[in-house]
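> this is a predicted model, with the sequence first.
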Amino acid sequence: MSVTPDEFRSVLGRFPSGVTVVTTKAGDGSDQGMTVSAFSSVSLDPPLVLICIEKTASAYNALTAAPGFVVNILSVSQEQIARRFSIVDIDRFEGVGYSRSPNGLAVLDDVLGVIECATFAMHDAGDHTIIVGEVEAARAQNGTPLLYYRGGYAQLEH
Ligand SMILES: Cc1cc2nc3c(=O)[nH]c(=O)nc-3n(C[C@H](O)[C@H](O)[C@H](O)COP(=O)(O)O)c2cc1C
């Protein structure tokens, strides 16, 4: 049994996700970041998470070479940040507020969650690479998450 790209997108788009911006640094010290919805928790002991990164992504080389990365979980008020960090060929960090993790990686202001990771493993997976990170530090703040569903941004209804 096979599936067409349209069928794949249509069915997988019915699985809602949160939205994150993953940040790291390139070898030249420049900040790199991209919007990532393919994020999941993996293990509690040790604490592991994963992200799936397309091999053609501009941040791919940095993410697969760096010793670690930060997952910033976006709130519903940060849709513009999600859009900005998926625009091609701009300085995605310009005009965006952020501080630095102990490892010097960008931690975006006002996010719902921050997960600082050391790269634990990488697995080839078709046109993506699964990057598993061991969680070195994590913190949360209250708020409402930004969601991605059927190709568009969405929010929780209570
Ligand atoms: C809501 C949303 C979720 C995304 N999730 C992922 C993802 O999980 N993995 C990935 O490799 N790219 C993902 N992307 C695409 C990247 O953020 C980015 O748009 C893409 O890498 C193109 O930019 P680039 O050519 O500069 O890398 C997502 C984009 C959006 C808007």
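Good, I have the coordinates.

> for the rest of this, base every contact and every neighbour count on C-alpha atoms.
Fine.

> now what about the helix or strand containing Gln80, what contacts it?
Secondary-structure element containing Gln80, defined by DSSP states H and E: helix 79-84. The contact list for helix 79-84 (CA atoms under 8 Å, 6 or more residues apart in numbering) reads Val19, Thr20, Val21, Thr35, Leu74, Arg92, Val96, Leu146, Tyr153.

> so which bits of that helix are buried?
Along helix 79-84, these residues count as buried under the neighbour rule (16 or more other CA atoms under 10 Å): Glu79, Ile81, Ala82, Arg84.

> tabulate those residues in CSV, adding columns for pLDDT.
Compiled in CSV, these are given as follows (pLDDT from 0 to 100):
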residue, pLDDT
Glu79, 98
Ile81, 98
Ala82, 98
Arg84, 98
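
> okay, and which of the contacts of helix 79-84 map to strands?
The subset of these located in strands under the criterion DSSP state E comprises Thr20, Val21, Thr35, Leu146, Tyr153.

> before we move on, the earlier item: need the max-distance pair from the buried residues of helix 79-84.
Of all pairs drawn from the buried residues of helix 79-84, the greatest distance, 8.5 Å, lies between Glu79 and Arg84 (CA to CA).

> quick check: residues of this structure near the ligand?
Taking CA under 6 Å from any ligand atom as the measure of proximity, the chain contacts the ligand at 34-38, 52-54, 57-59, 83, 85-88, 148.

> any low-confidence regions in the chain?
Low-confidence segments of the chain (pLDDT under 70): 1.

> related to what we said a few turns ago, generate TSV for the ones in strands among the contacts of helix 79-84, with distance to Thr129 and neighbour count as supplementary columns.
Supplementary listing: the ones in strands among the contacts of helix 79-84 in TSV, determined by distance: CA to CA, whole Å; neighbours: other CA atoms under 10 Å:
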residue	distance to Thr129	neighbour count
Thr20	17	30
Val21	17	23
Thr35	15	22
Leu146	24	22
Tyr153	24	17
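
> which pair in those spans the largest distance?
Checking these against each other with CA to CA, the farthest-apart pair comes out as Val21 and Tyr153, at 14.3 Å.

> for the longest helix along the chain, name the packing helices and strands.
When the chain is parsed with DSSP state H, its longest helix is helix 5-12. Under the contact criterion of 3 or more CA pairs under 8 Å, 6 or more residues apart in numbering; DSSP states H and E, helix 5-12 touches no helix or strand at all.
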